[in-house]
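Engineer: got a predicted structure here, sequence first:
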Amino acid sequence: MQLKKLTAKQKAFVECYCNPTSETFNNQRQSAAKAGYSKNTGITACQNILAKHSVKQAMVEYKADISSKQAITVEYIQSEHERLAALAESKGDLVTATRNKEDLGRTIGVYTENINTGDLERLKQLSEQQALEAKRLATIRLREA
């Protein structure tokens, strides 16, 4: 990994700048200062850091590593909508429950702004449970209209 070839300050800069949990995320000047570079040099320090190929490569690798660890899948989104809808229903909040079920429908491709034949093919591929849920949601929406 390219990060191992950097100086301690360069490595700290990459981690501060590329880590979404850092308070200096995507802020070159603050990331450089936090990494130990002089605040007085400001933009010049950032330009010097980012001009180095090894730093650029380390940033690409670091971002790829972070994104692979934080991958959000469609299945995760579906399970979260289902969980939140069930929680809202158990508390009697039907508006929130319906909204989460509608969002679930959008996630699996049931709702679209414009329907075309490609969307119809996708709807045919839904599992039986997903199709039943989509029909139930459509019925709820028709009653509300």
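Structural biologist: Alright, I've got the coordinates.
Engineer: list the contacts of stretch 6-20.
Structural biologist: If you take C-beta atoms under 8 Å, 6 or more residues apart in numbering as the criterion, stretch 6-20 is touched by 3, 22, 24-28, 30-32, 34-37, 49, 52, 54-55, 58-59, 62-63, 66, 70. C-betas here are computed from N, CA, C, even on glycine.
Engineer: check which residues of it are buried.
Structural biologist: Of the residues in stretch 6-20, those buried by neighbour count under the rule 16 or more other C-beta atoms under 10 Å are 6, 10, 11, 12, 13, 14, 15, 16, 17, 18, 19.
Engineer: please apply the same query to stretch 50-65.
Structural biologist: Applying a neighbour-count criterion of 16+ other C-beta under 10 Å, one finds 55, 57, 58, 59, 62 buried in stretch 50-65.
Engineer: what packs against the helix or strand hosting the fourth one?
Structural biologist: So that's residue 59. In the assignment (DSSP states H and E), residue 59 maps to helix 53-69. Other helices and strands packing on helix 53-69, by 3 or more C-beta pairs under 8 Å, 6 or more residues apart in numbering; DSSP states H and E, are helix 8-18.
Engineer: between the two ends of stretch 60-79, how far is it?
Structural biologist: Stretch 60-79 has an end-to-end distance of 31 Å (C-alpha to C-alpha, to the nearest Å).
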